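Chemist: Test case, fold it:
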Amino acid sequence: MAKSGVQTRRSAVYLLDQVLGEGRLMSELIGAGALERLEPQERARAQRLAMETLRGLERADRMLQKHLQKYPPLTVRNVLRLATVELCQGGAAHGVVNDAVEIVARNKRTQSMKGLVNAVLRKVAAQGAEAWNILRVPRLPKWLRGPMVAAYGPETVAAMEAAHFAGAPLDLTARGDAAAVAEAVGGTLLETGSVRLMEAGQVSKLAGFASGEWWVQDAAAAIPAKVLNAQEGEHVLDLCAAPGGKTMQIAASGAKVTAVDDNPARMERVRENLERTGLNAELIVGDVMSQKGSYDAVLLDAPCSATGTIRRHPDLPHAKDGSEFGELIGMQSWMIDHALSLVKPGGRLVFCTCSLLPDEGEVQVEEAVARHKDVTVDRAALELPGIDPAWITEEGGLRLRPDYWADRGGMDGFYVACLRKAG
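Modeler: I've put the predicted structure just below:
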């Protein structure tokens, strides 16, 4: 058991080293097999420990700076951070401290610091949750917080940061009867139709997983397909479709759906989920911009900064620095123009991004309508159960934020708009 704990924590430290030292995303690391040597349960625990440490990184550093004259090398610092978060969130001091010391001692480059690690963590353990809880909620890095404050103001951004720090529950989208799914898994049926589980455990063990009764999808991520409102018999194009939640929503409506994405591995996940749920879609692995045809409706979930998903992916603000924003914003404009060229007269395009930045949402729609005189924003498409009219923005899109439903676990940040082409 002790060896298992050391290996799990050591793997979590490796993830932290890669995110904070190399700027790599957690999903990229997991996909590349970073934790494949661990058993599934320990793999999940290592990932959870790393994510909790990233959420509490600022607090951990504030706790540690009282006991360090200078910061040690990154790996040692990450061992201390990981252990500090565990200790301050109720971890057993004996096991946490011993494992941290052993991790440092195993590495020739860091073994001379095992005494430092032991001494510092004993002091942190003595302070514990009381000192931790009086520290402020961790803030976003300056490169992201600046634009966010400019867009929303400091109070709103602080509320979003609180939602990020709290993490995210598990949301499910039902293939059919959402109320029946909620009852089967012991979840809550949200107003928008998603099923929410505050404590999920192992997803594949939940009732209805094997039989394909539902799939994992944040409540906010499920809304764009609801706005699209695909009808039986319509031909719908889902662009940038992976990992496939929206594809399955459209397929479940009875519409004929063609899903396109340029990532073969992610499209394989779409194929697997379609098989599990018994739904059908035409899958194309290819460039979104090379697609041709004429469709009743198009859904474009455009590549973006993903800043709306930080409550689920706390590595994102630490692995990125905002340098790619300009390129992404330009790409989104081109994709909107191309997607509109694939919409039949009288048809509709739902544009969405999992971003909190107006340049990737509200501004894109304002500029698209200015470029295309035959396109209008369909506000009526947003009149859905659970959608607060206050979430609808001036240009007619829907702005979703992590601090919405804060008392129920929040939601991902998303922007959604329905563009209607003249008949």
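Chemist: Now for the residue nearest the centre of the chain: which residues touch it?
Modeler: By CA atoms, centre = their mean, the chain has its centre lying nearest to Thr309, at 3.2 Å. By CB atoms under 8 Å, 6 or more residues apart in numbering, the residues touching Thr309 are 218, 316, 354, 412-413. In this view, the C-beta of every residue, glycine as well, is placed from N, C-alpha and C.
Chemist: For stretch 59-78, buried residues please.
Modeler: Of the residues in stretch 59-78, 59-64, 67, 72, 75-78 count as buried by neighbour count, 16 or more other CB atoms under 10 Å.
Chemist: and which of those residues is nearest Pro169?
Modeler: Checking the buried residues of stretch 59-78 against Pro169 with CB to CB, the nearest one is Arg59 at 21.8 Å.
Chemist: can you tell me which helix or strand the closest one belongs to?
Modeler: helix 57-65 (DSSP states H and E).
Chemist: What lies in contact with that helix?
Modeler: Helix 57-65 is contacted from outside by 53, 77, 80-81, 84-85, 88, 120, 124, 127, 131-132, 135-136, 138-139, 318, using CB under 8 Å, 6+ apart.
Chemist: repeat that for 7 Å
Modeler: Helix 57-65 has contacts (CB atoms under 7 Å, 6 or more residues apart in numbering) with 53, 80-81, 84-85, 88, 120, 124, 131-132, 135, 138-139.
Chemist: Check stretch 215-222 too.
Modeler: By CB under 7 Å, 6+ apart, the residues outside stretch 215-222 that reach it are 170-173, 190, 192, 194, 196, 203, 245, 248-249, 273, 277, 354, 400, 411-412, 414.
Chemist: mind checking the end-to-end distance for that stretch?
Modeler: 11 Å (CA to CA, to the nearest Å).
Chemist: what mean pLDDT does that stretch have?
Modeler: Predicted confidence along stretch 215-222 averages 98 (mean pLDDT).
Chemist: one step back: pick out the most distant pair among the contacts of Thr309.
Modeler: That would be Asp218 and Leu316, which, of those, are the farthest apart (CB to CB) at 14.6 Å.
Chemist: quick one: which of the two has more around it?
Modeler: Shown here are Asp218 and Leu316; by other CB atoms under 10 Å, Asp218 has more neighbours (27 against 21).
Chemist: can you map out the strands along the stretch 101-250 of the chain?
Modeler: Taking DSSP state E, counting those that start in this stretch as the test, the strands found in the stretch 101-250 of the chain are 170-174, 188-189, 195-197, 214-216, 235-239.
Chemist: Provide the strand pairings for the third one, with the direction of each partner.
Modeler: The reference is to strand 195-197. strand 170-174 (antiparallel), strand 188-189 (antiparallel) (DSSP bridges).
Chemist: Could you list every helix and strand in contact with the strand of greatest length in the chain?
Modeler: Across the chain, the longest stretch assigned as strand under DSSP state E is strand 343-353. Taking 3 or more CB pairs under 7 Å, 6 or more residues apart in numbering; DSSP states H and E as contact, the helices and strands that strand 343-353 lies on are helix 223-228, strand 295-301, helix 325-341, strand 414-421.
Chemist: Using the three-state scheme, assign Val260.
Modeler: Following DSSP: H, G, I helix; E, B strand; the rest coil, we place Val260 in the strand state.
Chemist: where does the protein have low pLDDT?
Modeler: Residue ranges of the chain with pLDDT under 70: 1-4.
Chemist: can you list the domains in it?
Modeler: For the chain, the structural domains run 2-133, 218-421, going by automatic domain parsing.
Chemist: So which of those is nearest Trp143?
Modeler: For Trp143, the closest of the domains of the chain is domain 218-421, at 4.6 Å, according to CB to CB.
Chemist: mind checking how far the closest one is from the chain centre?
Modeler: Relative to its chain's centre, domain 218-421 lies at 14 Å (CA atoms, centre = their mean, to the nearest Å).
Chemist: What is the end-to-end distance of that domain?
Modeler: 29 Å.
Chemist: Okay then, goodbye and thanks.
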